[in-house]
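> sequence below, structure please.
(one chain, ligands or ions: 1)
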Amino acid sequence: MSRLIIISNRLPFSIDKEGDRMTVRQSSGGLVSAIKSYFEREQGHSTGYTHKIWVGSMDSSLEDWENVQKQGNVNEDFEIIPLFPPKECYDDFYNGFSNSTLWPLFHYFPSLVENKKEYFEAYKRVNQLFADKILDFVEPGDVIWVHDYQLMLLPQMLREKLPDAAIGFFLHIPFPSYEIFRLMPTNWKKPILEGMLGADLVGFHTHEYVQHFLHSAKMILKVESQFNNIQYRDRLIKTDLFPIGIDYEKFREACIDETVVEIGTSLEERFYNQKLIFSVDRLDYTKGLNYRLDGFEVFLNKYPKWREKVVFILNVIPSRDAIQTYSEKKGSIEEKVSTINGKFSTLHWQPLIYRYNHLTFEELCALYQVADVALITPLRDGMNLVAKEYVASCIDKGVLILSELTGAANELNEALLVNPTDVDEVASAIDTALNMPLVEQRSRLSYMQRRLKNYDVFKWMDEFLDCLIETKKEQESVKVN
Ligand code: GDG
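Just a heads-up that it's a prediction; the model follows:
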């Protein structure tokens with residue numbers, strides 16, 4: 001049995017320091033919850049890996065990390081190997097190249113892209129630090145799985161030193177069309193594609209992202225593909241779609257959790273006789289929050305019969321506030337929220353409840369359960385797990401309004417799919433959702449729930465890892481023949 005090494009930019013927790021007291025705070029986020037669920041799954045399942053290791057960077061010092069370990073505050077089902085990149089270069093790597101160059105470009109916001117040489121230099125440097133760290137402890141037979149856009153150069157850096165290792169790479173965000181990808185300077189886009197092709201298996205959420213990647217590889221690196229397989233530098237590399245799932249049972253079990261039920265009941269009492277619309281997103285321009293608020297405003301204007309009968313709970317999670325575009329976004333959302341509330345509120349009713357804070361897992365599940373409608377309308381999203389979690393959490397009612405520009409829209413066809421920039425369409429979808437008979441709601445939910453149950457996060461990880469091992473075998477048989 002081999003060891004599984006997961007590599008992501010961040011570890012699944014961070015350290016909070018209050019004087020001498022250190023506490024470990026679990027991070028939220030799609031990648032973290034997916035892999036943690038998989039690692040924690042032991043009862044009745046076998047992951048097939050005897051030893052699991054998670055490598056990621058920490059924003060605390062080595063000293064804090066050692067203290068937290070001494071205090072026995074880290075109690076995970078896997079070994080943790082932290083990396084401490086120097087602060088000055090981490091900033092250009094993370095806020096710079098990762099989130100001001102790659103993120104806007106890959107989400108089709110080319111006007112927000114900042115192309116700065118020092119950002120790319122820092123990106124290379126941090127990817128190399130990850131490579132050096134892994135090369136320190138990797139052993140023959142280890143299976144290496146690199147995650148996401150912050151580490152696109154890493155597979156090739158590892159391949160140079162580990163020609164036979166099993167290396168997988170998964171991109172959690174969209175891979176854009178060639179016409180967008182080619183906007184990146186040549187001396188960056190080539191190493192990025194080559195970096196990804198250092199892996200044996202390159203995975204994406206959707207068929208479109210796979211095709212976009214293959215097209216860019218063909219146009220930029222002149223490599224041909226056949227049935228999603230690429231022959232590059234004498235190596236066979238596979239690409240395929242692996243749409244990430246959720247821990248379906250965890251959300252179903254939360255439906256009967258005492259705390260979740262308690263919070264849900266108090267929400268129902270508070271909003272007695274009113275319909276609830278809910279959304280939760282990181283604060284990000286890709287999430288389409290301004291358009292969503294415009295859509296809600298048009299809805300209140302066009303369908304006045306719903307005034308005083310509907311409340312929209314908009315929960316926004318603080319994110320990347322060191323980047324100017326993000327901090328500006330916060331101001332414009334808050335302005336719009338207060339305009340809508342100022343315009344439509346009565347003495348007894350306020351249409352929007354806006355929160356800028358994290359929710360506990362129990363609060364999140366309770367909101368999923370009591371919400372009559374989830375309004376999830378990103379302008380682009382690799383997948384969007386919130387949509388899947390909402391559907392999984394609905395018991396006997398619930399309508400999902402989902403942007404057709406999310407990866408999740410491919411699987412959740414029974415949702416009301418909308419173009420997120422078409423505010424009239426969003427407004428009319430809200431009205432349709434609120435009027436939808438319960439029988440139809442349940443029927444749509446049951447189709448989607450069946451799909452989410454069958455292809456959950458465990459299946460996602462198993463399929464990716466099995467495919468990686470199969471690819472290694474195929475490479476061997478090609479060599480022998
Ligand atoms: C990438 C891609 C892709 C959110 N707020 C709270 C909270 N969450 C949890 C949700 C969900 C996760 O965070 C967010 O899921 P996303 O799908 O939006 O993923 P990201 O991590 O932002 O990003 C995305 C994903 O990777 C997976 O491949 O779907 O397209 O951008 O699990 O439940 N959890 C708690 N409190 C919150 O306030 N407890």
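> use CA for all of it now, contacts and neighbours both
Fine.
> flag every residue of the stretch 201-350 of the chain that's near the ligand.
I244, I317 (C-alpha under 6 Å from any ligand atom).
> so where is the stretch 201-350 of the chain shaky, pLDDT-wise?
Judged by pLDDT under 70, the stretch 201-350 of the chain has no weakly predicted residues.
> can you give me the helices for it?
Ranges of helices within the stretch 201-350 of the chain are 207-221, 248-254, 258-270, 289-302, 324-344, based on DSSP state H, counting those that start in this stretch.
> how about the helices in the stretch 1-150 of the chain?
Under DSSP H, counting those that start in this stretch, the stretch 1-150 of the chain gives helices at 30-40, 62-70, 87-91, 103-106, 117-137.
> can you tell me which of the ones you listed is nearest to the ligand?
Closest approach to the ligand among the helices of the stretch 1-150 of the chain (C-alpha to the nearest ligand atom): helix 30-40, 3.6 Å.
> next, see if the closest one gets close to the ligand.
Yes. Residues of helix 30-40 contacting the ligand under C-alpha under 6 Å from any ligand atom: G30, L31.
> ok, V337 - contacts?
Residues in contact with V337, defined by C-alpha atoms under 8 Å, 6 or more residues apart in numbering, are L293, L352, Y354.
> most tightly surrounded among the helices of the stretch 1-150 of the chain?
Per residue and on average, the most neighbours among the helices of the stretch 1-150 of the chain fall to helix 103-106, with a mean of 21 (mean count of other C-alpha atoms under 10 Å).
> got the phi and psi for the closest residue to the ligand within the stretch 151-300 of the chain?
Nearest residue of the stretch 151-300 of the chain to the ligand: H172, at 4.2 Å (C-alpha to the nearest ligand atom). For H172, the backbone dihedrals (degrees, to the nearest 10) come out as phi -90, psi -10.
> list the residues that contact it.
Counting by C-alpha under 8 Å, 6+ apart, H172 makes contact with L31, H147, D148, Y149, F204, H205, G382, M383.
> adding distance to L112, write these out as TSV.
Below are the contacts of H172 laid out as TSV (distance: C-alpha to C-alpha, whole Å):
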residue	distance to L112
L31	25
H147	24
D148	20
Y149	17
F204	24
H205	24
G382	18
M383	21
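> neighbour-wise, give me the winner out of those.
Using other C-alpha atoms under 10 Å as the neighbour criterion, F204 leads those with 27 neighbours.
> tell me if I'm right that that residue and Y149 touch.
No. Using C-alpha atoms under 8 Å, F204 makes no contact with Y149, being 11.5 Å away.
> so what's in contact with those two at the same time?
Counting by C-alpha under 8 Å, 6+ apart, the shared contacts of F204 and Y149 are L171, H172.
> please enumerate the helices of the stretch 351-481 of the chain.
For the stretch 351-481 of the chain, applying DSSP H, counting those that start in this stretch gives helices covering 361-370, 385-393, 423-435, 438-454, 457-480.
> can you flag the weakest of the ones you listed by average pLDDT?
The weakest mean pLDDT among the helices of the stretch 351-481 of the chain belongs to helix 457-480, with a mean of 90.
> okay, buried residues for it please.
457-461, 464-465, 467-469, 471-472, 475 (16 or more other C-alpha atoms under 10 Å).
> highest average neighbour count across the helices of the stretch 201-350 of the chain?
Mean neighbour count (mean count of other C-alpha under 10 Å) peaks for helix 289-302 among the helices of the stretch 201-350 of the chain, with a mean of 20.
> how close does I353 get to the ligand?
15 Å (C-alpha to the nearest ligand atom, to the nearest Å).
> can you tell me the closest non-neighbouring residue to that residue?
Computed as C-alpha to C-alpha, 6 or more residues apart in numbering, the closest residue to I353 that is not its neighbour in sequence is I313, at 4.7 Å.
> relative to the ligand, how far out is the one you found?
Taking C-alpha to the nearest ligand atom, one finds I313 at 13 Å from the ligand.
> list the contacts for that residue?
The contact partners of I313, by C-alpha under 8 Å, 6+ apart, come to L276, I277, F278, S279, L352, I353, Y354, R355.
> model confidence for N75, exactly?
66.
> got it, and H45?
51.
> got the residues of the stretch 351-481 of the chain near the ligand?
H358, L359, T360, F361, D381, G382, M383, N384, L385, V386.
> just the closest of those to D164, please.
Nearest to D164 out of those is G382 (C-alpha to C-alpha; 30.3 Å).
> roughly how far does that closest one sit from R450?
22 Å (C-alpha to C-alpha, to the nearest Å).
> likewise E258?
E258 is 25 Å from R450, by C-alpha to C-alpha.
> is it correct that F106 is in contact with P176?
Yes. Between F106 and P176 there is a contact under C-alpha under 8 Å: 5.2 Å.
> returning to what we had before: N99 is nearest to which of the helices of the stretch 351-481 of the chain?
Judged by C-alpha to C-alpha, the one of the helices of the stretch 351-481 of the chain that comes nearest to N99 is helix 385-393, at 20.1 Å.
> now the closest one - C-alpha only, PDB.
Extracted C-alpha coordinates of helix 385-393, given in PDB (Å, rounded to 0.1, in the frame of the first residue of the first chain):
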ATOM      1  CA  LEU A 385     -20.400  23.400  -4.100                       C
ATOM      2  CA  VAL A 386     -22.900  25.600  -2.300                       C
ATOM      3  CA  ALA A 387     -25.500  24.700  -4.900                       C
ATOM      4  CA  LYS A 388     -24.900  21.000  -4.400                       C
ATOM      5  CA  GLU A 389     -24.900  21.300  -0.600                       C
ATOM      6  CA  TYR A 390     -28.300  23.200  -0.700                       C
ATOM      7  CA  VAL A 391     -29.900  20.600  -2.800                       C
ATOM      8  CA  ALA A 392     -28.600  17.800  -0.500                       C
ATOM      9  CA  SER A 393     -29.900  19.600   2.600                       C
END
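> quick one, that helix and helix 361-370 angle?
Helix 385-393 and helix 361-370 meet at an angle of 70 degrees, taking axes from the mean of the first three to the mean of the last three C-alpha atoms, to 10 degrees as the criterion.
> is it true that F299 touches D431?
Yes. Counting by C-alpha under 8 Å, F299 does reach D431; the two are 7.4 Å apart.
> which non-adjacent residue is nearest I173?
Distances taken as C-alpha to C-alpha, 6+ apart put G382 closest to I173, at 4.0 Å, once the chain neighbours are dropped.
> how much space separates that neighbour from F106?
Counting by C-alpha to C-alpha, the gap between G382 and F106 amounts to 9 Å.
> likewise for L267?
From L267 to F106 the distance is 38 Å (C-alpha to C-alpha).
> what's the neighbour count on R3?
Counted with other C-alpha under 10 Å, R3 comes out at 18.
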